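Trainee: A structural model of the following input is requested.
(one chain, ligands or ions: 1)
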Amino acid sequence: MKQSVKMIVGNWKMNGVAADLAGAVAEMLADLQQNPASARVGLCPPATLIERMARIIDGGPIMVGGQDCRVEQKGAYTGGVSAEMLVDAGARAVILGHSERRQEFGEIDALVSQKVGAALRAGLTPIVCVGETLAQREAGQAVSVVRDQILGSLNDGLAGRDWALAYEPVWAIGTGLTPTLDQIAEIHAAARDAMIERLREGGRAAPILYGGSVNPGNARDILAVDEVGGALVGGASLKAADFLAIIRAA
Ligand code: PGA
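Mentor: Modelled structure (predicted):
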């Protein structure tokens, strides 16, 4: 199924300080206000910038998001940020289960599913990430790994809500490598099946974003693949010209 309104989301990871708001974000905003995008656009800065970014965007054409949240609403969790706190700061979406969190913080599917529940409780749009490692792909396990992650990481509450899945092969993140268009099509089709297996009719509507080394040169081809409903963009979302080019390719 071709999805008409694509969703393009930038993940700044642990990059960005106030100066980038006056630079890159102001530039993106001016461009999108002058010439509205056909895509839905989101930007997920580090937690320290969410409030200031949301103030600058001020209800404009970029949805601000977090990169993670805790399951709990508040409490004695030093360093933690809850979904409700993200909303309070001005966020409307949150990336959950990114492979960097799965790898570095040991996040497993069951925890990601609970975090999805927390995001929904707070009214955020969850962007749930899945993807195989290179070793798993080479062992012929890409489809089964992604299916298992989807079955384990989604949450019953997603049915009927605004959310997105992001397929991000771990070996393509930040490496400049991307799967072939056929490989992307294969996984996105399998991901849709798993979403429907998990959520029944509730698994049909959410877009499936592709993520991993998306850049202005490959975005148009990737976004034209069946069942690619948008892109989750890391490195290229830090530069206004690159991110805008990807948005314009959608
Ligand atoms: P990348 O990161 O675009 O820099 O490969 C994508 C991501 O991790 O979301």
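Trainee: switch to C-alpha atoms for all contacts and neighbour counts from now on
Mentor: Fine.
Trainee: For Gly182, give me its contacts.
Mentor: Wrong residue type there; residue 182 is Asp, not Gly. Residues touching Asp182, when contacts are defined by C-alpha atoms under 8 Å, 6 or more residues apart in numbering, are absent altogether.
Trainee: Confirm that it sits in a helix.
Mentor: Yes. Residue assignment for Asp182, taken from DSSP: H, G, I helix; E, B strand; the rest coil, places it within a helix.
Trainee: ok, the residue of the chain positioned farthest from its centre - contacts?
Mentor: Of all residues in the chain, the one whose C-alpha sits farthest from the chain's mean C-alpha position, using C-alpha atoms, centre = their mean, is Ala76 at 28.0 Å. When contacts are counted by C-alpha under 8 Å, 6+ apart, Ala76 touches no other residue.
Trainee: where's it relative to Ala110, distance?
Mentor: 22 Å (C-alpha to C-alpha, to the nearest Å).
Trainee: need the residues of this protein near the ligand, please.
Mentor: With C-alpha under 6 Å from any ligand atom as the criterion, the chain comes near the ligand at residues Asn11, Ala172, Ile173, Gly174, Gly211, Gly212, Ser213, Val214, Leu232, Val233, Gly234, Gly235.
Trainee: Redo those as TSV? Include neighbour count and pLDDT.
Mentor: Rendered in TSV, the data for those read as follows (neighbours: other C-alpha atoms under 10 Å; pLDDT from 0 to 100):
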residue	neighbour count	pLDDT
Asn11	23	98
Ala172	19	98
Ile173	19	98
Gly174	16	96
Gly211	28	98
Gly212	25	98
Ser213	24	98
Val214	28	98
Leu232	27	98
Val233	29	98
Gly234	21	98
Gly235	19	97
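Trainee: Filter the residues you listed down to just the ones in strands.
Mentor: Among the residues of the chain next to the ligand, the ones falling in strands (DSSP state E) are Asn11, Gly211, Leu232, Val233.
Trainee: What residues does the second one make contact with?
Mentor: Meaning Gly211. Ala166, Tyr167, Glu168, Pro169, Ala172, Ile173, Ala231, Leu232, Val233, Gly234.
Trainee: Surely the first one forms part of a strand?
Mentor: Looking back up the chat, that one is Ala166. Yes. Counting by three-state DSSP, Ala166 is located in a strand.
Trainee: start the count at 45, not 1, going forward
Mentor: Noted, 45 is the first residue going forward, which turns the last one into Ala210.
Trainee: That one contacts Val172, doesn't it?
Mentor: Yes. At 5.8 Å, Ala210 and Val172 qualify as touching, with contact defined as C-alpha atoms under 8 Å.
Trainee: Now do the host helix or strand of Ile194, average pLDDT.
Mentor: Secondary structure assignment for Ile194, by DSSP states H and E: helix 186-197. Per-residue pLDDT over helix 186-197 has a mean of 98.
Trainee: Going by neighbour count, which residues in it are buried?
Mentor: Ala186, Val187, Ser188, Val189, Val190, Arg191, Gln193, Ile194, Leu195, Gly196, Ser197 (16 or more other C-alpha atoms under 10 Å).
Trainee: what about the strands in the chain?
Mentor: 51-55, 84-88, 107-110, 137-140, 169-174, 208-211, 252-255, 274-277.
Trainee: now the ones you listed as a markdown table including distance to Met72?
Mentor: Below are the strands of the chain laid out as a markdown table (distance: least, C-alpha to C-alpha, whole Å):
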| stretch | distance to Met72 |
| --- | --- |
| strand 51-55 | 12 |
| strand 84-88 | 10 |
| strand 107-110 | 12 |
| strand 137-140 | 19 |
| strand 169-174 | 22 |
| strand 208-211 | 23 |
| strand 252-255 | 20 |
| strand 274-277 | 15 |
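Trainee: got CSV for the buried residues of helix 186-197, with distance to Leu93 too?
Mentor: Listed next are those as CSV, based on distance: C-alpha to C-alpha, whole Å:
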residue, distance to Leu93
Ala186, 35
Val187, 36
Ser188, 37
Val189, 34
Val190, 32
Arg191, 34
Gln193, 30
Ile194, 30
Leu195, 33
Gly196, 31
Ser197, 27
